[in-house]
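Novice: Okay, sequence plus prediction incoming.
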There are 2 protein chains.
Amino acid sequence: MRFFEDIGIGDRRELGRHSFTADDIKRYALRYDPQLFHVDEAAAARSHFGALIASGWHTAVVCMRLFIETQRHIAAELAARGEPAAKIGPSPGFRNLKWLQPVYAGDTISFASEVLDKRPLASRPGWGMLVMRNTGTNQDGALVFEFEGAIFVERRGDP
Amino acid sequence: MRFFEDIGIGDRRELGRHSFTADDIKRYALRYDPQLFHVDEAAAARSHFGALIASGWHTAVVCMRLFIETQRHIAAELAARGEPAAKIGPSPGFRNLKWLQPVYAGDTISFASEVLDKRPLASRPGWGMLVMRNTGTNQDGALVFEFEGAIFVERRGDP
C-alpha cells in the first residue's frame, strides 16, 4: 500500500479480473453457501436465475483477494524504487454491499477500487482511515457487485 | 425456511457455533485474504493483534453456512410434520457489516439471527423481504461481528 499521505480522494485502481467457472462456483458454495442455485446446475436451471450462479460471498472474497494482490504489486513496485510500503491495518467493516446482478458460470468480472474518503485517526496515531468503493463489472459492462469498505493505512509519521 | 407469513419481527434463532482453529484460519486466508496476520503466526505475533486472527470474510461465510444449515434443519422439521418449507430467494445485499473484535485462533463464535423487519414485495408477487441482524459472539460473551442482511422469502400465496 502507498502511505496515507500519498493517496488521494478519487484515486481509482483496476484490481484485475476473475472468470467464475462452474467448478469454481460449486467448490466455493459447497463449503460456504450450499444453496441449490450455487451447487446444482439442474436445480439452478429450474430456479428464477435459469442457470448456475456464484455465491455473492464468493464474488466478495475474490474481490478481496485481488485487492490484496494489487497491494502486493504496489509494494513490490515501491521496493524496486527503494521506497518503503505502508502497512494495511484491520478493516472495521463496510457498508452497503450490493449484489446487483447474478454472476453466472462463465462470467468474467473486472474489479476496481476507488477512494471515496480519507481521514487521520485521532484514536490511532500513525494510522489513517480510507473509505473505498469496490466494484465488480461483468464482460457486458454491467455493474454486478459493489460495497464501501473502510481500511486503516499507515501514515508516513511525523516529519 | 418458514413462510413469510409465519415469521415475526423480533424472531431470533441460534445458528450454531464454530471454533476457528489456526489451520482453518490459515487455509481460508491463504486462498482468499492472504494478509500476514491471517496466514503467518510469527508475523501475526508481531502485529498489533499479537496473534493469528481470522479473516473477517471467513467469519462472515461461516455465519452464512450456519444460516443455510439452520434453514435445512427447519425444512426437515417442517417435512417431518408434513408441512412444506418456503424457498429462500436471492439476497440483494446487506448493510453495516462490522468486525467489532478480532477472532483469534482457538476462539469459538456463536452465531444468531434476528428478524428486524419484514415486508411484502410489490415487485415480486409471491415473495416477501426479511431484514435480518446476524451476529457472532465469542466464548467470553463479546460481540465480534454483525451485519444486517436482506433476503427474499416465499409467501404462502393467495388463500
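Specialist: Yep, it's here.
Novice: right, and the helix or strand after the helix or strand harbouring A:M129?
Specialist: Secondary structure assignment for A:M129, by DSSP states H and E: strand A:127-137. From strand A:127-137 onward toward the C-terminus, using DSSP H and E, the following helix or strand is strand A:143-154.
Novice: Measure how that following strand sits relative to strand A:127-137, angle-wise.
Specialist: Relative orientation of strand A:143-154 and strand A:127-137, computed by axes from the mean of the first three to the mean of the last three Cα atoms, to 10 degrees: 160 degrees.
Novice: Average pLDDT for strand A:143-154, rounded please.
Specialist: For strand A:143-154, mean pLDDT rounds to 93.
Novice: what's the answer for stretch A:13-30, then?
Specialist: The average of the pLDDT scores along stretch A:13-30 is 96.
Novice: List of residues touching the helix or strand hosting A:D24?
Specialist: When secondary structure is defined by DSSP H and E, A:D24 falls within helix A:22-32. Contacts with helix A:22-32, where a contact means Cβ atoms under 8 Å, 6 or more residues apart in numbering or on different chains, come from A:35, A:38-39, A:41, A:52-55, A:57-58, A:105-106, B:61-62, B:64-65. All C-beta atoms are positioned from the backbone trio N, CA, C, and that covers glycine.
Novice: Go again with 10 Å.
Specialist: Contacts of helix A:22-32 from elsewhere in the structure, counted by Cβ atoms under 10 Å, 6 or more residues apart in numbering or on different chains, are A:18, A:20-21, A:33-41, A:44, A:51-55, A:57-59, A:61-62, A:103-107, B:28, B:31-32, B:57-58, B:60-65, B:68.
Novice: can you give me the offset of it from its chain's centre?
Specialist: From the chain centre to the centre of helix A:22-32 is a distance of 19 Å (Cα atoms, centre = their mean, to the nearest Å).
Novice: Which positions within the helix or strand just after it qualify as buried?
Specialist: Toward the C-terminus, helix A:22-32 is succeeded by helix A:36-39 as the next helix or strand (DSSP H and E). Residues of helix A:36-39 classed as buried under the neighbour-count rule (16 or more other Cβ atoms under 10 Å in any protein chain shown) are A:L36, A:F37, A:H38, A:V39.
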